[in-house]
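Enquirer: with the sequence up front, the predicted model follows.
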Amino acid sequence: MINHDFKAYVVEEGDDGSFYGEVQDKTLSELPPGDVTVRVQYSSLNYKDALSATGNRAVTKAYPHTPGIDAAGIVEESNTESIPQGTPVIVTSYDLGMNTPGGFGQVIRVPADWVVPLPTGLSLKESMIFGTAGFTAGLSVLKLTASVKPEHGPIVVTGATGGVGSVAAAILSKLGYAVSGVSGKPNAKEFLGPLGVKKIIGREAFLENSHRPLLKPLWAGAVDTVGGEPLATAIKSTHPLGVVTCCGNAASPELPITVFPFILRGVSLMGVNSQSCPMNIRKNVWEKLSHDWKFDCLERICQEISLKELSGRIETILKGRLLGRTVVRLDGADVSG
């Protein structure tokens with residue numbers, strides 16, 4: 001029998017316009033209609049979750065709200081034959097955790113076409129160590145490696161100690177690429193070295209001379225996770241016919257650059273949108289993450305927390321101090337940490 005009561009981390013708007021989150025008791029009747037009801041065992045913390053949890057209306061329009069753009073768990077109810085009861089599944093992207101109650105609740109209800117059956121080779125927890133950040137990294141790697149090969153030269157990853165950056169760096173290292181990581185964190189070397197990153201570049205050193213329209217070509221390709229000046233610098237310093245992928249804007253949504261890298265060197269800038277990625281590509285990337293791209297030190301980049309520890313961790317990610325990935329444990333009655 002399905003337990004109709006569950007706990008969720010709910011963000012409320014106070015009378016003074018401020019936002020705060022707390023663990024609350026919820027019921028299934030409060031969830032929206034949907035094809036598949038999932039008992040969530042793990043979620044993960046992403047930058048977009050932190051924006052939703054602090055009242056960013058571009059992410060979430062109405063409150064109270066349960067964030068969490070990632071969820072992994074077991075199907076409890078389903079009205080579609082392709083995803084029967086008892087199936088372990090992954091749900092990421094689309095509207096989950098934005099305006100639809102998300103993975104920071106112990107139960108979610110979603111459309112069937114948002115659901116990916118858990119690939120063999122991944123546990124539910126491992127799928128959330130990847131989560132949206134890892135999936136976005138996978139899309140970046142997919143686009144980069146289509147034309148840039150290890151023998152073409154080194155790859156630079158910006159925001160390398162973050163969720164997307166650390167996973168992208170580890171996958172590329174596993175595939176035989178020489179990876180350099182850009183980070184402003186003092187412990188970047190200790191964190192990134194075991195992932196296979198060959199060289200650590202401080203943020204200030206990377207941005208030196210970034211005002212110039214073109215820089216010395218250093219990279220066969222780049223995975224940018226932060227946007228702004230770091231992205232522009234990566235493009236300006238990429239070899240002729242190199243590829244740069246772009247998936248974030250934590251540094252800035254602006255791109256301070258001329259057309260010269262594109263028309264004089266033929267550099268390609270490729271955007272990465274994980275939210276509305278077609279399902280055939282989505283399943284392909286998850287299969288790769290579960291097998292060919294799954295790296296040995298996956299658990300090393302992860303910290304596990306409970307629902308009641310979320311508020312403090314949300315502050316940490318907004319301040320740019322979070323290393324790697326944070327997995328949120330939801331299964332069982334203990335959500336107090």
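Expert: Looks like it arrived, so ask away. Residues are numbered from 1 along each chain as shown.
Enquirer: all helices for the protein, in order.
Expert: 47-53, 124-145, 163-174, 188-192, 203-206, 228-236, 260-264, 279-290, 310-318 (DSSP state H).
Enquirer: chain center to the longest one, what's the gap?
Expert: The chain centroid and the centroid of helix 124-145 are separated by 7 Å under CA atoms, centre = their mean, to the nearest Å.
Enquirer: could you list the low-pLDDT ranges of this structure?
Expert: 1-3, 332-337 (pLDDT under 70).
Enquirer: do that again at 80, thanks
Expert: Applying pLDDT under 80 to the chain flags residues 1-4, 332-337.
Enquirer: next, the contact list for the residue nearest the centre of it, please.
Expert: In the chain, the residue lying closest to the centroid (CA atoms, centre = their mean) is Ala133, at 1.4 Å. Ala133 makes contact with 44, 46, 162-164, 167, 325 under the criterion CB atoms under 8 Å, 6 or more residues apart in numbering. Where you see a C-beta, it was placed from the backbone N, CA and C, and this is true even at glycine.
Enquirer: I'd like those residues as JSON lines, with neighbour count and distance to Thr233 appended.
Expert: Below are those laid out as JSON lines (neighbours: other CB atoms under 10 Å; distance: CB to CB, whole Å):
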{"residue": "Ser44", "neighbour count": "30", "distance to Thr233": "29"}
{"residue": "Asn46", "neighbour count": "26", "distance to Thr233": "25"}
{"residue": "Gly162", "neighbour count": "27", "distance to Thr233": "17"}
{"residue": "Gly163", "neighbour count": "30", "distance to Thr233": "21"}
{"residue": "Val164", "neighbour count": "33", "distance to Thr233": "18"}
{"residue": "Val167", "neighbour count": "32", "distance to Thr233": "22"}
{"residue": "Arg325", "neighbour count": "25", "distance to Thr233": "26"}
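Enquirer: from those residues, which is closest to Ala72?
Expert: Ser44 (8.7 Å; CB to CB).
Enquirer: ok so, going back, can you check which of the helices of the chain gets nearest to Glu30?
Expert: Proximity to Glu30 (CB to CB) singles out helix 47-53 among the helices of the chain, at 17.6 Å.
Enquirer: residues contacting Ala80?
Expert: Heads up, residue 80 is Thr, not Ala. So Thr80 contacts 35-36, 112 (CB under 8 Å, 6+ apart).
Enquirer: just the ones of those residues in strands?
Expert: Among the contacts of Thr80, the members found in strands (DSSP state E) are Val36.
Enquirer: among the contacts of Thr80, who's most crowded?
Expert: When the contacts of Thr80 are compared by neighbour count (other CB atoms under 10 Å), Val36 ends up highest, at 25 neighbours.
Enquirer: nearest to Lys125 among the contacts of Ala133?
Expert: Out of these, the member with the shortest distance to Lys125 (by CB to CB) is Ser44, at 9.7 Å.
Enquirer: quick one: that closest one from Thr54, how far?
Expert: Ser44 is 18 Å from Thr54, where distance means CB to CB, to the nearest Å.
Enquirer: hang on, isn't Ala178 packed against His152?
Expert: No. The pair Ala178 / His152 is not scored as a contact, 10.2 Å apart, by CB atoms under 8 Å.
Enquirer: report the set of residues contacting both of those two.
Expert: With CB under 8 Å, 6+ apart, Ala178 and His152 have no common neighbours.
Enquirer: can you pull the buried residues of stretch 251-264?
Expert: Residues 251, 257, 261 are the ones in stretch 251-264 that count as buried (16 or more other CB atoms under 10 Å).
Enquirer: next one: phi and psi at the second one?
Expert: In terms of degrees, to the nearest 10, the main-chain angles of Ile257 are phi -150, psi 160.
Enquirer: if I read this right, it contacts Ala234, doesn't it?
Expert: No. With contacts counted by CB under 8 Å, Ile257 stays clear of Ala234, the gap being 10.1 Å.
Enquirer: got the contact list for the closest residue to Trp286 other than its chain neighbours?
Expert: Among residues not flanking Trp286 along the chain, Pro119 sits closest, at 5.3 Å (CB to CB, 6 or more residues apart in numbering). By CB under 8 Å, 6+ apart, Pro119 lies in contact with 286-287, 289-291.
Enquirer: ok, back up a step: any idea which of the contacts of Ala133 is closest to Val11?
Expert: Asn46 (14.7 Å).
Enquirer: distance check, the closest one against Thr132.
Expert: For Asn46, the distance to Thr132 - CB to CB - is 5 Å.
Enquirer: which residues are in contact with both of these two?
Expert: With CB under 8 Å, 6+ apart as the test, Asn46 and Thr132 both reach 69-70.
Enquirer: re earlier: pick the one among the buried residues of stretch 251-264 closest to Pro67.
Expert: Nearest member of the buried residues of stretch 251-264 to Pro67, counting by CB to CB, is Ala251, at 22.5 Å.
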